[in-house]
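In: Model the structure of this input:
(2 chains)
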Amino acid sequence: GESVGLHLPTLSVQEGDNSIINCAYSNSASDYFIWYKQESGKGPQFIIDIRSNMDKRQGQRVTVLLNKTVKHLSLQIAATQPGDSAVYFCAESKGNQFYFGTGTSLTVIP
Amino acid sequence: DTEVTQTPKHLVMGMTNKKSLKCEQHMGHRAMYWYKQKAKKPPELMFVYSYEKLSINESVPSRFSPECPNSSLLNLHLHALQPEDSALYLCASSLGLAGGPGRETQYFGPGTRLLVL
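Out: Next up is the predicted model:
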């Protein structure tokens, strides 16, 4: 299978600070990338996506950056809140192939 | 309606039991997926249905049998499971498999937490 991995398995941030979660992918042919948030006991929740013809996309308090040169994806969360505490997965897609990364557990310290 | 629902939420079964997991969506999505997720691990793809036909089977043991009765429903029939099959089983759906912006974005249900004794 393809390798979609995260640099840091855990991340702790102070409430109000910005968070950056990183992801490396290995398939240069992947053309679609998604970030999911999974809270304890729940299914993954779509946060934001980006296509390979873009390098940045912004949502509400979240920004995804894509660097195709080094096959790197990041999720930036502005003004992190306690409700942002969860596991974050990146996923890559090419056609009907869809692969999740290993996940980063984000803990927000009040 | 932007929701994928799954029943039951929890299931405990013995190794000789037969049970089924159910998934439903009313978003008009034509692709549906089953994933298995172990604790602290990412979801692992099991099956993909596209237009009610099995598109991908990721070498899943035959004790797991998927079924797609119509475009809104997806079942996973379980028989003679092993304790190592205990996991969170997630269903997801997407507009399609590919071919246009957002078509392959998958939306997940809350999962069924399965315990095999």
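In: alpha carbons only for contacts and neighbour counts from here, please
Out: Fine.
In: so which strand or helix has the closest residue to chain B within chain A?
Out: Nearest to chain B, among the residues of chain A, is A:Gly43, at 4.2 Å (C-alpha to the nearest C-alpha). Using DSSP states H and E, A:Gly43 sits within no helix or strand.
In: Check B:Lys19 too.
Out: Assessed by DSSP H and E, B:Lys19 sits inside strand B:18-25.
In: Give me the sheet partners of whatever helix or strand comes next after that strand and which way each runs.
Out: Using DSSP H and E, the helix or strand that follows strand B:18-25 in sequence is strand B:31-37. Paired with strand B:31-37 in the same sheet, following DSSP bridges, are strand B:44-50 (antiparallel), strand B:87-94 (antiparallel).
In: do the helix or strand following the longest one and chain A meet?
Out: This means strand B:87-94. Proceeding N to C from strand B:87-94, the next assigned helix or strand is strand B:107-108, under DSSP H and E. Yes - residues of strand B:107-108 contacting chain A under C-alpha under 8 Å from any C-alpha of the partner chain: B:Tyr107, B:Phe108.
In: Out of the strands paired with strand B:31-37, which is closest to A:Tyr32?
Out: Checking the strands paired with strand B:31-37 against A:Tyr32 by C-alpha to C-alpha gives strand B:87-94 as the closest, at 13.8 Å.
In: Could you list the buried residues of that closest one?
Out: B:Ala87, B:Leu88, B:Tyr89, B:Leu90, B:Cys91, B:Ala92, B:Ser93, B:Ser94 (16 or more other C-alpha atoms under 10 Å in any protein chain shown).
In: ok, now stretch A:15-35?
Out: A:15, A:19-25, A:30-35.
In: tell me, what residue is most central in chain B?
Out: For chain B, the residue sitting closest to the mean C-alpha position, by C-alpha atoms, centre = their mean, is B:Trp34 at 2.5 Å.
In: pLDDT-wise, which helix or strand of chain B ranks last?
Out: In chain B, the helix or strand scored least confidently by mean pLDDT, DSSP states H and E is strand B:53-57, which has a mean of 89.
In: Touching the next helix or strand after it from outside, list them.
Out: If you walk from strand B:53-57 toward the C-terminus, the next helix or strand you reach (DSSP H and E) is strand B:64-70. With C-alpha atoms under 8 Å, 6 or more residues apart in numbering or on different chains as the test, strand B:64-70 has contacts from B:Phe47, B:Tyr49, B:Glu52, B:Lys53, B:Leu74, B:Asn75, B:Leu76, B:His77, B:Leu78, B:His79.
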